[in-house]
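> coords please:
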Amino acid sequence: MRIAVFGATGRTGKHVVEQALAAGHEVVAFVRTPAKLGIEHARLTVVQGDVQDKAQVSQAIAGVDAVISALGPTENKPTYQVTAGTENIITAMHAHGVRRLVISAGAGVGDPNDAPKIMNHVVNLLLKLVARHVYEDMKQVVEKVRASNLDWVIVRVPMLTDDPPTGVVQVGYVGKGMGMRISRADMAEFMLRQVSDGAYLHKTPAISN
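Predicted coordinates:
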């Protein structure tokens, strides 16, 4: 399978790229600064660009079978760049006939299946107070993906760690079978599985270790 990875130079995105290559996939890594990727492989194509540029995004998506986005806001400002970038990804996927989209989002972005407990409400309130624009950006991203008419999976995560992979991922919803943290390596493995697994199609599972 040929997979386009957005956010490939991020701490989670690098795991996605490495694991996809290890699994035998071809990878198109969309990056702003290629030197930050630090990965070379015969099945890796690096496309330099800005996710705000429609033509560059379209170039990366042409000819792929699936798209994984590990994009996330880098600043708490009302620019909503991840939303704009995701719109470009969705537009390009429609244009090139690519159906499967797997994205990540924070667990604070809710789902009707959630059953948040008091602590979840407290954490979410604090998030909205200290990082309101980050929250709003990802909330809009999730709304855009839900309305995209693509074969999407939205993987929601709690606190991320750089711990080694455990190989054990707990899947649930906020307040129902979800822990407080997950390693980026385990998150990447779960996201990668969703490019071909239909178990969570059109769903927003919350995962943890």
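
> Quick one: list the elements packing against the worst-scoring helix or strand of the chain on mean pLDDT.
The weakest-scoring helix or strand in the chain, judged by mean pLDDT, DSSP states H and E, is helix 118-130 (a mean of 74). Other elements packing on helix 118-130 under the criterion 3 or more Cβ pairs under 8 Å, 6 or more residues apart in numbering; DSSP states H and E are helix 132-146. For the C-beta atoms, the positions are set from N, CA and C on the backbone; glycine is no exception.

> Tell me where the chain has helices.
11-22, 54-61, 81-96, 118-130, 132-146, 184-193 (DSSP state H).

> In JSON lines: those helices, plus mean neighbour count.
JSON lines is the format used below for these (neighbours: other Cβ atoms under 10 Å):
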{"stretch": "helix 11-22", "mean neighbour count": "21"}
{"stretch": "helix 54-61", "mean neighbour count": "19"}
{"stretch": "helix 81-96", "mean neighbour count": "20"}
{"stretch": "helix 118-130", "mean neighbour count": "13"}
{"stretch": "helix 132-146", "mean neighbour count": "19"}
{"stretch": "helix 184-193", "mean neighbour count": "22"}
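
> Those: which one's closest to Val174?
Between Val174 and the helices of the chain, the tightest spacing by Cβ to Cβ is seen for helix 118-130, at 5.5 Å.

> any idea which of the helices of the chain scores lowest on pLDDT?
Looking at the helices of the chain, the lowest mean pLDDT belongs to helix 118-130 (a mean of 74).

> tell me the angle that helix makes with helix 132-146.
110 degrees (axes from the mean of the first three to the mean of the last three Cα atoms, to 10 degrees).

> For helix 118-130, what is the distance to the chain centroid?
Helix 118-130 has its C-alpha centroid displaced from the chain centroid by 22 Å (Cα atoms, centre = their mean, to the nearest Å).

> Next: stretch 169-180.
18 Å.

> Report the contact partners of the nearest residue to Lys139 once chain neighbours are set aside.
Among residues not flanking Lys139 along the chain, Val109 sits closest, at 5.3 Å (Cβ to Cβ, 6 or more residues apart in numbering). Taking Cβ atoms under 8 Å, 6 or more residues apart in numbering, we find Val109 in contact with Tyr135, Met138, Lys139, Val142, Arg156, Thr204.
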